[in-house]
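Asker: just need the structure, nothing else, for what follows:
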Amino acid sequence: MADSFKILGATLSNAVYTIIYTVPASKMTVGTLHITNMHTTAKTYRVNLCLTGEDENDLYTFLAYDDIVQPNSMKEISGIAMAATEKLLVYGEDANLAFNFWGDEMDVIT
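Answerer: Here you go, the predicted structure:
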């Protein structure tokens, strides 16, 4: 099967954890997350990878925790590798942070 490179999820997070993407069954994903601060003051964000079988309320696998994005700037986390059914959760301190996740969904060969 052909790979499928595309935008996988986008959201504004307003001080709540939001599932931006869930890997479909029988797929794996490698992607990049952009965090954009659309405000004139610095903002903090969190990124959590919820592994297969974990509840999204069990926040243990952080890729970023209270990291700072400067005003009118963007940060990138690349090389996020995810297995089938894993979830990517994001949290921004307010709705001035935009999260965009894009990448490649690939079939898992068994």
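
Asker: please make it C-alpha for all contacts and neighbour counts, starting now.
Answerer: OK.

Asker: look up how far residue 109 lies from the spatially most central residue of the chain.
Answerer: Centroid check for the chain by CA atoms, centre = their mean gives residue 88 as the closest residue, at 4.5 Å. Noted for residue 88: a distance of 22 Å to residue 109, by CA to CA, to the nearest Å.

Asker: follow-up on the earlier one: what's near enough to touch the residue nearest to the centre of the chain?
Answerer: 19, 20, 21, 22, 47, 48, 49, 50 (CA atoms under 8 Å, 6 or more residues apart in numbering).

Asker: which residue is the nearest non-sequential neighbour of residue 95?
Answerer: Of all residues not flanking residue 95 in the chain, residue 14 sits nearest, at 4.5 Å (CA to CA, 6 or more residues apart in numbering).

Asker: now do the strands in this protein.
Answerer: In the chain, the segments counted as strands under DSSP state E are 4-12, 18-22, 27-37, 43-50, 62-69, 74-82, 87-92, 97-107.

Asker: which of the ones you listed sits most buried?
Answerer: strand 87-92 (a mean of 24; mean count of other CA atoms under 10 Å).

Asker: list the strands paired with that strand, with their directions.
Answerer: strand 18-22 (antiparallel), strand 43-50 (antiparallel) (DSSP bridges).

Asker: what lies in contact with the longest one?
Answerer: Residues from elsewhere that reach strand 43-50, judged by CA under 8 Å, 6+ apart: 37, 56, 58-71, 86-94, 97.

Asker: again, only this time at 7 Å
Answerer: 37, 56, 59, 61-70, 86-93 (CA atoms under 7 Å, 6 or more residues apart in numbering).

Asker: circling back: list the contacts for the residue nearest to residue 95?
Answerer: With CA under 7 Å, 6+ apart, residue 14 has these contacts: 92, 93, 94, 95.

Asker: and with 10 Å instead?
Answerer: Neighbour list for residue 14: 91, 92, 93, 94, 95, 96, 97, 98 [criterion: CA atoms under 10 Å, 6 or more residues apart in numbering].

Asker: before we move on, what about residue 72?
Answerer: 36, 37, 38, 39, 40, 41, 42, 43, 96, 97.
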